[in-house]
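Visitor: Prediction below, plus the sequence it came from.
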Amino acid sequence: MALLKSNKVIFCLGNISPSLGVLSTRNSSWWGGVQMGPPDPILGVTEAFRRDTNPKKMNLGVGAYRDDQGKPFVLSCVRKAEALIAAKQLDKEYLPIGGLGDFTKACAQLALGADSEVLKSSRSITVQTISGTGSLRIGGNFLARFHAGPHDVYLPKPSWGNHTPIFRDAGMQLKAYRYYEPSTCGFDFKGALEDISKIPEKSVILLHACAHNPTGVDPRPEQWKEISQVVKERNLLPFFDMAYQGFASGDIDRDAWAVRHFIEQGHNIVLSQSFAKNMGLYGERVGGFTVVCSDAEEAKRVESQIKILIRPIYSNPPVNGARIASTILNTPELRSVWLQEVDSMAKRIISMREQLVAGLKKQGSSHNWQHVTDQIGMFCFTGLKPEQVERLIKEFSVYMTKDGRISMAGVTSGNVGYLAEAIHAVTK
Amino acid sequence: MSVFGEVPQAPPVAVFKLTADFREDSHPQKVNLGVGAYRTDDCQPWVLPVVKKVERLIVEDGSLNHEYLPILGLPEFRAAASKVALGDDSAAIQEGRVGAVQCLGGTGALRIGADFLRRWYNGSNNTATPVYVSAPTWENHNGVFGDAGFKDIRPYHYWDAAKRGLDLTGLLDDLEKAPEHSIFVLHACAHNPTGTDPTQEEWKTIAEIMKRRKLFAFFDSAYQGFASGDLDKDAWAIRFFVSEGFELFIAQSFSKNFGLYNERVGNLTVVAKDGDNLTRTLSQMEKIVRTTWSNPPSQGARIVSRTLTSPELFAEWKGNVKTMADRVLLMRSQLRSKLEALGTPGTWDHITQQIGMFSFTGLNPKQVEYLITEKHVYLMASGRINMCGLTTKNIDYIAQSIHEAVTKVQ
């Protein structure tokens, strides 16, 4: 009897052996318990785009600038800088932990302005970082270790998707303040002020310096002034994310206005900068992290601690992109070429916005599309609903993220007409 | 009142402070035997000829742009780099159970690996899982694993100061006593800072115990090719472990063997039981990378990848690596003979037995201090010297200085 019973048991086990087989492989691996990470939503858009065979397809998910032929654009000032650098035959010795000195100096000057009192009194510290992401992460790590106030970072609603996991992994908690108003596709100024005025003292408030990602909605200067007031009254620490200086309006000083205004108003800000978009140096990973301190002595102490944070992540930063950026910023002719090129990138985007609105009017759209030209920078929050986005993808091969965000960089004079047609078709 | 008013001044990182002090020193015979970077016989940094060649190719290649790399890095680089570590004929690679993450230098590879292990290794929270690092070890190992969230970082016996060699008994004892599932950071070759590596037989014993006691092998491979001059020889330990069926991580650095220090070229090679486990692991590493640096820098990876995938360039690179390794071996042999000729007290054969860039001289802190302040010979307080800092022009001065330190200072 016992034998028969055991045979039955073996028989049952045999029936479910396929899953057991998987289980046993998982169990004999260290990584058996590792779950599959969720697919990246934006990557998913690009992958679907790639598979699509429609000749009219458009990829409006891409977060990188494209020229009017839809091609990646290497700035001529970058090529010139590369040639200059190659001719110098420099060595490959480690950079200091804080990065290339000529770069960090120029980086700070670009953001704060050459005549900045902060720079004159040496009361800020700027370190070279792995582009904007690396800068935000170092900033988050620094705050998690040293910030004397609540470890809450207040993000605008919505914000760049990666802000949340970056700050979370750095050890901070995330909260939000109202920002985007869907009914107007514009700035919820009243809601923002209300929320900000309730934020507990000494919390950290993250502000997009210009060209808000993902909405393209920026406060106007008068609105920034009021925001600055409330932030001051609540004694909050402003953390500026500036990934699009020059790329938004075409004018580097105009795009840095909010940052400089806050500093003039006495806020000792922290600031992340990226040169991915405004110099087209995406894959070279060029960025900066700045802390404005009370005085030079405090800046030195802060710098020493930031280095201690950097060393166990990547020891010291990559030189190539920083050398290119530094050469451009510090060589007068290259700098002026750069200013022209960043202006023309911004102007092409602005022109596409105008052409899209004109196109929609021409199609006979009765909707108000003013937000498309009011918004600024690479991205546009169209106001399209998920079902409309779905139709755009399936019926017109126009790819974007479900929130209705489009990257204007993917729009060209060659396809803007088609885009207007498609949007009109799903919204009429 | 500043929010940063209470931020204390942090101590400088010792090895960089040493170089800073060296730079300020105006003594004509000063020597820097501190930071680990290769120097020519003229005491100059050396950009490998093959690197210069490939950089020119890259600058002239009009088809290249500066677009983002994928989060996990340049695919050709990752594959080629893993192949260098595991061998062209690697069964594990053929079985589709090897993957990699391009990282910022060896440091970056260690960090991503550490961050992953803390989240996913043995259960979902490994802050209490013991991490063992050799005594002594590269000082940043502690920082990397500590900042990744591990709270229990312990030393394992390694350097025997009395016999100036490997404390094998202590090491094996630590392996036997370590809690199951502990993580061990192993130096693949050219141990930093001691230059003392286990023999092949010793590695076999280490592997046997680690397998039996379910200990995780995390290899730090910063000197492949640079240690003996032979890529395969320097990868023997890693390949042995893989052939024994271990799942493991290898943090590879191309800083030294390609001389690409400031381009931050590294690769975290992952060897898993099978493709399914590998895929899930890489997907989680991707998430970690995304919040650390989003995607890695392209320049260095392009240089390495072009070199490794072209038979001619690969051969040229191997030649360049051998040039560096041979010069170091020559300096070792000359330093030892000069010290022996001077009759410097003590035994000096450890200088030629040790391997790689560094030598643990056995000099004590007082002797080190004497060397720095009296002789302007800069070395780490541990007595570690960078053999690359020795040249045919300064070796007599250095040997003489060491002789003085040992005879005058106890």
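Guide: Yep, it's here.
Visitor: Which residues of the stretch 151-300 of chain B lie near chain A?
Guide: When proximity is defined as CB under 8 Å from any CB of the partner chain, the stretch 151-300 of chain B approaches chain A at B:216, B:247, B:255, B:259-264, B:272-274, B:276-281, B:283-284, B:286-288, B:290-300. Glycine gets a C-beta too; all of them are placed from N, C-alpha and C.
Visitor: Please narrow those residues to those residing in strands.
Guide: B:F216 (DSSP state E).
Visitor: OK, contacts around A:G417?
Guide: Listed by CB atoms under 8 Å, 6 or more residues apart in numbering or on different chains, the contact set of A:G417 reads A:G359.
Visitor: if I read this right, A:R311 contacts B:N142, doesn't it?
Guide: No. Here A:R311 lies out of contact with B:N142, judged by CB atoms under 8 Å, at a distance of 10.9 Å.
Visitor: What is the burial count for A:W30?
Guide: Number of residues near A:W30 (other CB atoms under 10 Å in any protein chain shown) recorded here: 22.
Visitor: ok, now B:V328?
Guide: Summarising burial for B:V328: neighbours were counted as other CB under 10 Å, giving 25.
Visitor: Which of the helices or strands spans B:Q102?
Guide: Counting by DSSP states H and E, the secondary-structure element that holds B:Q102 is strand B:98-104.
Visitor: Show me what that strand is packed against.
Guide: Under the contact definition 3 or more CB pairs under 8 Å, 6 or more residues apart in numbering or on different chains; DSSP states H and E, strand B:98-104 sits against helix A:296-314, helix B:75-86, helix B:105-120, strand B:265-271, helix B:275-290.
Visitor: and the closest residue to B:M357 other than its chain neighbours, what does it touch?
Guide: Spatially, and ignoring its direct neighbours in sequence, B:M357 is nearest to B:G36 (5.4 Å; CB to CB, 6 or more residues apart in numbering or on different chains). Shown here is B:G36, whose contacts under the criterion CB under 8 Å, 6+ apart are B:15, B:192, B:256, B:357-358, B:386, B:388.
Visitor: What subset of these is buried?
Guide: In terms of neighbour count (16 or more other CB atoms under 10 Å in any protein chain shown), the buried residues within the contacts of B:G36 are B:15, B:192, B:256, B:357-358, B:386, B:388.
Visitor: Show me those that map onto strands.
Guide: Under the assignment DSSP E, the buried ones among the contacts of B:G36 contribute B:358, B:386 to strands.
Visitor: from the buried ones among the contacts of B:G36, which single one is nearest A:N330?
Guide: Nearest to A:N330, judged by CB to CB, of those is B:V15 at 29.3 Å.
Visitor: Would you mind confirming that that closest one makes contact with B:L33?
Guide: No. Under the contact definition of CB under 8 Å, B:V15 does not touch B:L33, with a separation of 11.1 Å.
Visitor: For stretch A:59-70, measure first residue to last.
Guide: This stretch, stretch A:59-70, spans 10 Å end to end (CA to CA, to the nearest Å).
Visitor: An error on my part: the question was meant for stretch B:76-95.
Guide: When the end residues of stretch B:76-95 are compared by CA to CA, they are separated by 18 Å.
Visitor: So which bits of it are buried?
Guide: Of the residues in stretch B:76-95, those buried by neighbour count under the rule 16+ other CB under 10 Å are B:77-87, B:90, B:92-93.
Visitor: likewise stretch B:389-397?
Guide: The neighbour-count criterion (16+ other CB under 10 Å) identifies B:389-391, B:394-395, B:397 as the buried residues of stretch B:389-397.
Visitor: Note down every partner strand of the strand holding B:Q102 and its orientation.
Guide: strand B:265-271 (antiparallel) (DSSP bridges).
Visitor: now the partner strand: mean pLDDT?
Guide: Averaged over strand B:265-271, pLDDT sits at 98.
Visitor: residues in contact with the nearest residue to A:P41 once chain neighbours are set aside?
Guide: The shortest distance from A:P41 to any residue that is not its chain neighbour, by CB to CB, 6+ apart, is 6.3 Å, and that residue is A:T401. Contact partners of A:T401, counting by CB under 8 Å, 6+ apart, are A:41-42, A:45, A:61, A:214, A:389.
Visitor: Return the subset of those residues lying in helices.
Guide: Assigned to helices by DSSP state H, the following of the contacts of A:T401 qualify: A:41-42, A:45, A:389.
Visitor: could you say what helices and strands the strand or helix carrying A:Q340 packs with?
Guide: Secondary structure assigned from DSSP H and E places A:Q340 in helix A:332-363. Where contact means 3+ CB pairs under 8 Å, 6+ apart, helix A:332-363 is packed against helix A:76-88, helix A:320-330, helix A:370-374, helix A:416-427.
Visitor: now, which of the buried residues of stretch B:76-95 sits nearest chain A?
Guide: Of all those, the one with the least separation from chain A (CB to the nearest CB) is B:F77, at 12.3 Å.
Visitor: Is it correct that the closest one is in contact with B:V304?
Guide: Yes. Counting by CB under 8 Å, B:F77 touches B:V304, with 5.9 Å between them.
Visitor: Please look at B:T407 and B:G343 and confirm they touch.
Guide: No. Proximity of B:T407 to B:G343 does not meet the contact threshold set by CB under 8 Å, at 9.3 Å.
Visitor: Look at the two and report which has more neighbours.
Guide: Here B:T407 and B:G343 are set side by side on neighbour count (other CB under 10 Å), and the busier one is B:T407, at 13 against 8.
Visitor: Give me the three-state assignment for the closest residue in space to the more buried one that isn't next to it in sequence.
Guide: For B:T407, ignoring the flanking residues on the chain, the nearest one in space by CB to CB, 6+ apart is B:P345 at 6.5 Å. Using DSSP: H, G, I helix; E, B strand; the rest coil, the three-state assignment for B:P345 comes out as coil.
Visitor: who touches stretch B:8-17?
Guide: Contacts made with stretch B:8-17 from outside it, assessed by CB under 8 Å, 6+ apart, are listed as A:96-97, A:300-301, A:304-305, A:307-308, A:311, B:20, B:34-36, B:139, B:380-381.
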